[in-house]
Structures are given as C-alpha cells and as structure tokens.
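Participant: I would like the atomic coordinates for the input below:
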Amino acid sequence: MAFHAFRFWTRAVEITALAVAICFSMGASTPTSRLNTLSHMLMCQCGCAQLLGECDHVGCPDRDTELSMLSTGIAAGMTDQQILDSFVAKYGATVLAAPTTKGFDLVAWVAPFAVFAAALLGTILLIRRWGGLGGKAHSAATLVAESSDPADRERLERIRRETGSDGGF
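Facilitator: I've put the predicted structure just below:
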C-alpha cells in the first residue's frame, strides 16, 4: 500500500514539473519575449550607455529605430544570432551589451578576474613580507652578542650608548 502511495506522489511531482516546464517554454518563443530578451542583449546607440530595452531618456533618436529593426527581424523569422549579427554589421561590435567569447573579446571576460587574482596574490605576498620583517629585526644587543669581531662589538655598543636605543622598532 505504501509503495502505491509513493508511486502516486512521484508521478504527481513529475507531471507538475513537466507542466511547469511546458508553460515556461511556451512563453519563451513568443515575439514579445524575444523582443524583450534581444533588446536586453543590445546597447542603445544614442550614447546613453543603456541597454536598448532600458533606454529611458526622452526623445531618444535611436531607440525606436533600433526596436523596429529588432521587431522586423523577429517577424521575418530570423534567429537570435542572425538578428544580433545584423546589428553588429550595421553598428559595429559596440552594439552588443556583452562581448563575445571569441578572439580578442575573450580578454574582456578574462582580464577582470586576472587583475583581481594578481592583486589578491600581491596583497597576500606583501602582508606576508611585512609580517616576516617583525620577526627578523635584530636589536643592537642581539647584534653585539652575535658579532664575533671585537671591533664590531665595540662599535655597536658605542652606537647603542650614544643613541640610547637598542635598535628595535
């Protein structure tokens, strides 16, 4: 009896998950959702430095033209990549909101992480070096005791007496 109840609930969860997946996938292919998705992958070319779908300044000379170009591409049945390529052909690679992951554009993805890693490593090494200096500092008394030459010991002792310091920090 318990096995049948378990199978029932397992099937119910599977059917619910399938229904949710179908509902979400149906909305993903509508022209409105494609327009929204693609408009957030492109930059407005008016100079506002905003995404095309987010450009909100009044009287934008380029937003409506670009959105109609985008709608025309969707209505013509072009794929997302074909639409993006047509924008790149017309406006250049700067129209893309995110750089591609090919060729030199890959540097735009890698460089921030590489700079962060180098700065973190440099900071760690610097802190270790500073921390190690405290342990390596010798006082004049230690230097006097370690010196085997009597002339050096006398000179270090005289420096200690004249400066009134033991050489520590």
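Participant: so where's the longest helix in this protein?
Facilitator: When the chain is parsed with DSSP state H, its longest helix is helix 106-136.
Participant: pLDDT of it, averaged?
Facilitator: Mean pLDDT, computed over helix 106-136, is 85.
Participant: can you check stretch 151-158 too?
Facilitator: 82.
Participant: tell me where this protein has strands.
Facilitator: Taking DSSP state E as the criterion, the chain carries no strands.
Participant: okay, domains of it per the record?
Facilitator: The chain breaks down into these domains under automatic domain parsing: 2-98, 106-163.
Participant: how much space between Gly53 and Leu70?
Facilitator: Gly53 sits 9 Å away from Leu70, taking Cβ to Cβ, to the nearest Å as the criterion. To be clear about C-beta, it is placed using only N, CA and C from the backbone, and glycine gets the same treatment.
Participant: so what sits against both of these two?
Facilitator: Common contact partners of Gly53 and Leu70 (Cβ atoms under 8 Å, 6 or more residues apart in numbering): Ser39, Leu42.
Participant: before we move on, back to that, export the domains of the chain to JSON lines and tack on mean neighbour count?
Facilitator: Shown next, in JSON lines, are the domains of the chain (neighbours: other Cβ atoms under 10 Å):
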{"stretch": "domain 2-98", "mean neighbour count": "13"}
{"stretch": "domain 106-163", "mean neighbour count": "11"}
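Participant: which of those comes out lowest on mean pLDDT?
Facilitator: Averaged per stretch, pLDDT over these is lowest on domain 106-163, reaching a mean of 79.
Participant: gap between Asp149 and Phe104?
Facilitator: On the measure of Cβ to Cβ, Asp149 and Phe104 end up 62 Å apart.
Participant: can you show me the helices along the protein?
Facilitator: Ranges of helices in the chain, per DSSP H, are 2-28, 31-39, 63-75, 80-91, 106-136, 140-146, 150-163.
Participant: for the third one, name the packing helices and strands.
Facilitator: Under the contact criterion of 3 or more Cβ pairs under 8 Å, 6 or more residues apart in numbering; DSSP states H and E, the helices and strands touching helix 63-75 comprise helix 31-39, helix 80-91.
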